[in-house]
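> Fold the following, please.
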Amino acid sequence: MLRVRSFSHSSGRELRLCGDCARWLADLARETAVGAAEGLVAAPRPYGVLVFDDQCALCRAIPCGDPWVAEVVTWLRAGPSWRGPTLCRPCALWLLALARDGRTAQGSAARRAEDEYGAWLQPHLPPLALSLLVEDAEARRLVREVAQRIPAAAEAEPVPLVVREIPPSGTAELPPADGPAPELWLVPARAAARLPELLHEGVADWRTLPVTPQQVVGGIELAVREWCGRSSWVRPLALRLVDTAAVTEPFVVFEAPPGTELETVWLLRRFARGQDALGALPDGRIALLPRGGGQAAPAVAERLGYLLDVRASVVHGACDGPRLDVRG
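Numbering: from 1, shown residues only. Okay, here's the model as predicted:
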């Protein structure tokens, strides 16, 4: 069994696991905590050293909100096999996501349209004139690899694109909004609170750190095709405004608890499928426009609603149309 809860709540989320999967998850958590986990896409990576009791044991950040804890219980003769120390919410939910869809991590299953590298659906784009301003070595390597694998028309003019990592603190040396190239930002959880003040119209979109290859593909496609030019930023949510009148396919609406809106947006970016788009609705709620249309929307709502424990509604057409509520 996996039990994930915040310190302020004695109850939490529980998933039943077989003994093999429980041991696998406990071992994975231990390896991740020391930076030794291999073969996983977008796993947390430890930065710095553990000094304080309230640091996250996996990424070593100090949680901004209520700390979390995870317990993996196998109920063998020795009792609980792993009692997790303090975690931040993103890392706790990462473990929960793996436990709920652990076959993907173990290589025995994959989500539709997010199969092994080389089997994904890939957009055809013009060549990229890529500028990387990314300190994270793994993210820098990943962006280069993804950009090289996207099919490009050789005769087309290269399109400039800047991929920039946003630091958690300090001065961010950002170009003017009318700079020569659109930007795709990579934002760690510790820097999420800076987004409302830093975002400008020259930013096509942003993705989280850690980031998956599919999320990089989705961000590059959006920036190159200039979909970002359709609306302005809603700064409190760090999302662009969605024109619901122009949306013809079903989409998913999330209602974040008051005071957690920006954190919910970052977590949705972290755990959403790579090429699904996020935006802000005029009433302050969060919209996710899934690739795959009506067939994908209910599954996306169910998975993310459960993972983040927020209300997710599938909306058919305009916001006042019929909907299917899915409580996470």
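
> how about whichever strand or helix holds A147: buried residues?
Following DSSP states H and E, one finds A147 within helix 137-149. For helix 137-149, the neighbour count (16 or more other C-beta atoms under 10 Å) marks A139, R140, L142, V143, V146, A147 as buried. Using the backbone N, CA and C atoms, a C-beta is placed for each residue, glycine as well.

> Tell me the helix or strand right after it.
strand 159-165.

> What strands flank the helix or strand following that following strand, and is each parallel or antiparallel?
Per DSSP H and E, the first helix or strand lying C-terminal to strand 159-165 is strand 183-188. For strand 183-188, the paired strands and their directions (DSSP bridges) are strand 159-165 (parallel), strand 203-209 (parallel).

> got the buried residues for stretch 303-311?
Under the neighbour-count criterion of 16+ other C-beta under 10 Å, stretch 303-311 has R303, L304, G305, Y306, L307, L308, V310, R311 buried.

> who's in contact with that stretch?
Residues from elsewhere that reach stretch 303-311 (C-beta atoms under 8 Å, 6 or more residues apart in numbering): 13, 93, 96-97, 100, 252, 254-257, 264, 267-268, 271-272, 288, 312, 325-328.

> Buried ones among these?
Counted by 16+ other C-beta under 10 Å, the contacts of stretch 303-311 give 13, 93, 96-97, 100, 252, 254-256, 264, 267-268, 271-272, 288, 312, 326, 328 as buried.

> Rebuild the buried residues of stretch 303-311 as TSV, extending it with secondary structure.
As requested, these are arranged in TSV below (DSSP: H, G, I helix; E, B strand; the rest coil):
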residue	secondary structure
R303	helix
L304	helix
G305	helix
Y306	helix
L307	helix
L308	helix
V310	coil
R311	strand
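
> what stretches of this structure score poorly on pLDDT?
Residue ranges of the chain with pLDDT under 70: 1, 7-12, 39, 64-65, 72-85, 102-121, 172-179, 226-230, 293, 317-328.

> Spell out which residues make up each domain of it.
2-105, 111-230, 236-328 (automatic domain parsing).

> What residues does the one residue sitting closest to the centre of the chain make contact with?
Nearest residue to the geometric centre of the chain (C-alpha atoms, centre = their mean): R270, 1.0 Å. Applying C-beta under 8 Å, 6+ apart, one finds that R270 lies in contact with P90, L93, W94, A189, T208, P210.

> how about the buried residues of stretch 303-311 in CSV, adding distance to D27?
Formatted as CSV, the buried residues of stretch 303-311 follow (distance: C-beta to C-beta, whole Å):
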residue, distance to D27
R303, 25
L304, 27
G305, 29
Y306, 25
L307, 22
L308, 26
V310, 30
R311, 35
